[in-house]
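1. with the input below, show me the fold.
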Amino acid sequence: MMMNIEVLSRETIKPSSPTPQHLRNLRLSLLDQLSVRFYVPIIFFYDHMRIILKKSLGECLSRYYPLAGTIRDDISVDCNDAGAEYIEARVGCKLSEAIKKSDFELLKPLLPFDPYGNVIGRREALVGVKFNVFDCGGVGIGMCVSHRIADAASVSAFVNAWATMSRGGGSSTEADDPIFDAALLFPPIDIVPAGFKLEKRASSSSCVGVLNKYSPTCVQVVSALIWNTFMTTIRSKPKPGNECVAVHAVNLRDKMVPPLPNHFFGNLLQIGVAATTVDGDKDLGALASLIGNGVREINDEYVRRLKMEDDHVDSSKKERDRFLKGEKEVFASSSWCRFPRYEVDFGWGKPVGKRVGIEAWVNLSEQDMAILQHDLDLLSFVSSVY
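-> Reported below is the predicted structural model:
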């Protein structure tokens, strides 16, 4: 059942101080240019509220000034202080009812706009916030941050900086100020086709010998479990692809030597790749090790090669074309487990609604989802499917 939401106000929050003229143009990096064209959506729930967040948002946008700007021609951000969209709304239900909802479509009205929709008819704001007040006095803060300029680590840094300012902490030390130098590491290009580059870096034949030498992480095991079930849905199709590729987003900051700080802003990520054939029985440990090997291939040596490659964009286009032709089946995953999502305190305590264990959100077609929800191997590992 959809929630009844009444929008009370809409406005634009601009940086509290103007961006200096010499910072008005920020070049996008190549990895920004190759990033997906949607927003990173996130919702924080709190059981009560004390303050409105507009003032602290303006203060935070002064530090994260590109987020208040406008992207120009996929090359740069015009840091023109256009501002962030800010909406206040009243929700006609209790907070506890919203927290129980696990269908993203039911929670989407708590966001300022559709993170996957087009921007026709409105300015393409890089940040949107919706401050939702429930009947019980609880609050849901829905946010959308453009993935064209920020990855999950950058979104997390921005939100936590905003929360610190909301608590009256003021600006952080200069050492924690965001760094906008990604274009120096990965210079942009003039023409960018959509897509990303995949290399076959881990395969089932090359991985069997290392099963006892590498212990996968919890996230890799959960990803392998869902990947295995995903291949079950593929085999039910009339003409499945022969190969299934699992891709996992990898943060480059701690893979480089020396590592980059978490407040190094932008899309500093690449894709760890694992591949196997669709047919035949799959051992969960082998699949988890495949994913782990693909992730471990993203290291400092890989980043150095990435900086020197001239054919990165052309390879991206070729891989995209193979996916469109159905030659490969693709299972994509990412994890927020290492980001302090449940530490975001705006001044009224930490978010509520945290669940025990790893919560996995899976997006499939309705037909494939029906197969997944009745897969006995999957159900033997989960506490609930909703």
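2. below-threshold pLDDT in the stretch 251-386 of the chain: ranges please.
-> For the stretch 251-386 of the chain, the stretches with pLDDT under 70 are 280-281, 309-327, 384-386.
3. quick one, helices of it?
-> Using DSSP state H, counting those that start in this stretch, the helices of the stretch 251-386 of the chain run over residues 284-296, 300-308, 312-324, 366-372, 376-379.
4. among the ones you listed, which is nearest residue 356?
-> In terms of CB to CB, the element of these nearest to residue 356 is helix 376-379, at 17.9 Å. All C-beta spots, glycine's among them, are computed from the backbone N, C-alpha and C.
5. just put the helices of the stretch 251-386 of the chain in CSV and tack on mean neighbour count and distance to residue 64.
-> Converted to CSV, the helices of the stretch 251-386 of the chain look like this (neighbours: other CB atoms under 10 Å; distance: least, CB to CB, whole Å):
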stretch, mean neighbour count, distance to residue 64
helix 284-296, 23, 28
helix 300-308, 13, 24
helix 312-324, 15, 28
helix 366-372, 13, 37
helix 376-379, 13, 40
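6. domain-wise, how is the protein divided?
-> 5-185, 204-339+353-379 (automatic domain parsing).
7. TSV please, covering the ones you listed and showing distance to residue 347.
-> Listed next are the domains of the chain as TSV, based on distance: least, CB to CB, whole Å:
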stretch	distance to residue 347
domain 5-185	5
domain 204-339+353-379	18
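8. so which of these gets nearest residue 345?
-> Of all the domains of the chain, domain 5-185 comes closest under CB to CB, at 5.6 Å.
9. mind checking how far that closest one is from the chain centre?
-> Distance, stretch centre to chain centre, for domain 5-185: 13 Å (CA atoms, centre = their mean, to the nearest Å).
10. straight-line length of that domain, end to end?
-> In domain 5-185, first residue to last residue: 44 Å (CA to CA, to the nearest Å).
11. also stretch 228-248?
-> Stretch 228-248 has an end-to-end distance of 15 Å (CA to CA).
12. residues in contact with it?
-> Identification of contacts with stretch 228-248 by CB atoms under 8 Å, 6 or more residues apart in numbering yields 198, 220, 223-224, 227, 271-279, 282, 284, 287, 290-291, 294-295, 326-335, 364, 368, 371-372, 375, 377-378.
13. who are the contact partners of residue 357?
-> By CB under 8 Å, 6+ apart, the contact list for residue 357 reads residue 383.
14. any regions of the stretch 101-250 of the chain where pLDDT drops low?
-> Along the stretch 101-250 of the chain, the parts satisfying pLDDT under 70 run over 102, 119-123, 170-175, 191-214.
15. what are the boundaries of the helices in it?
-> Under DSSP H, counting those that start in this stretch, the stretch 101-250 of the chain gives helices at 104-107, 152-166, 182-185, 204-207, 218-235.
16. most packed of these?
-> Comparing the helices of the stretch 101-250 of the chain by mean neighbour count (mean count of other CB atoms under 10 Å), helix 152-166 comes out on top with a mean of 23.
17. ok, back up a step: ok, which of the helices of the stretch 251-386 of the chain comes nearest residue 7?
-> helix 366-372 (30.1 Å).
18. just tell me which of the helices of the stretch 101-250 of the chain ends up closest to residue 11.
-> Minimum separation from residue 11 across the helices of the stretch 101-250 of the chain (CB to CB) falls at helix 152-166, 16.8 Å.
19. the closest one packs against which elements?
-> Contacts defined by 3 or more CB pairs under 8 Å, 6 or more residues apart in numbering; DSSP states H and E place helix 152-166 against strand 39-46, helix 54-63, strand 139-146, strand 243-251.
20. what lies in contact with the second one?
-> With contact meaning CB under 8 Å, 6+ apart, helix 54-63 is reached by 11, 13-17, 19, 67-68, 83-84, 86, 127, 129, 158, 161-162, 165-166, 171, 177-178, 346.
21. of those, keep whichever come out buried.
-> Neighbour counting by 16 or more other CB atoms under 10 Å classes 13-15, 19, 67-68, 83-84, 86, 127, 129, 158, 161-162, 165-166, 178, 346 among those as buried.
22. let's see which of the residues you listed end up in strands.
-> Here DSSP state E is the test, and the buried ones among the contacts of helix 54-63 give 13, 84, 86, 127, 129 as lying in strands.
23. contact partners for residue 28?
-> Residue 28 makes contacts with 71, 74, 75, 76, 77, 148, 149, 183, 188, as judged by CB under 8 Å, 6+ apart.
24. repeat that for 6 Å
-> Contact analysis of residue 28 by CB atoms under 6 Å, 6 or more residues apart in numbering lists 76, 188.
25. in this structure residue 299 contacts residue 255, no?
-> Yes. Using CB atoms under 6 Å, residue 299 is in contact with residue 255, at 5.4 Å.
26. among these two, which residue is more densely surrounded?
-> Between residue 299 and residue 255, residue 255 has the larger neighbour count (other CB atoms under 10 Å), namely 21 against 14.
27. before we move on, the earlier item: could I get the helices of the stretch 101-250 of the chain as CSV with distance to residue 351?
-> What follows is these, written out as CSV (distance: least, CB to CB, whole Å):
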stretch, distance to residue 351
helix 104-107, 14
helix 152-166, 10
helix 182-185, 29
helix 204-207, 38
helix 218-235, 20
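28. and of these, who's closest to residue 37?
-> When the helices of the stretch 101-250 of the chain are ranked by distance to residue 37, counting by CB to CB, first place goes to helix 152-166 at 16.0 Å.
29. and the angle for that closest one with strand 39-46?
-> Here helix 152-166 runs at an angle of 40 degrees relative to strand 39-46 (axes from the mean of the first three to the mean of the last three CA atoms, to 10 degrees).
30. can you tell me which of the helices of the stretch 101-250 of the chain is nearest to residue 339?
-> Nearest of the helices of the stretch 101-250 of the chain to residue 339, taken as CB to CB: helix 152-166 at 4.3 Å.
31. could you dump the closest one to CSV, C-alpha only?
-> Provided in CSV are the C-alpha atoms of helix 152-166 (Å, rounded to 0.1, in the frame of the first residue of the first chain):
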residue,chain,number,x,y,z
ALA,A,152,29.1,5.7,-2.4
ALA,A,153,32.2,6.7,-0.5
SER,A,154,31.8,10.3,-1.6
VAL,A,155,28.1,10.3,-0.7
SER,A,156,28.9,8.8,2.7
ALA,A,157,31.5,11.5,3.3
PHE,A,158,29.1,14.3,2.3
VAL,A,159,26.3,13.0,4.5
ASN,A,160,28.5,12.6,7.6
ALA,A,161,30.0,16.0,7.1
TRP,A,162,26.4,17.4,6.9
ALA,A,163,25.4,15.5,10.0
THR,A,164,28.4,16.9,11.9
MET,A,165,27.5,20.5,11.1
SER,A,166,23.9,19.8,12.1
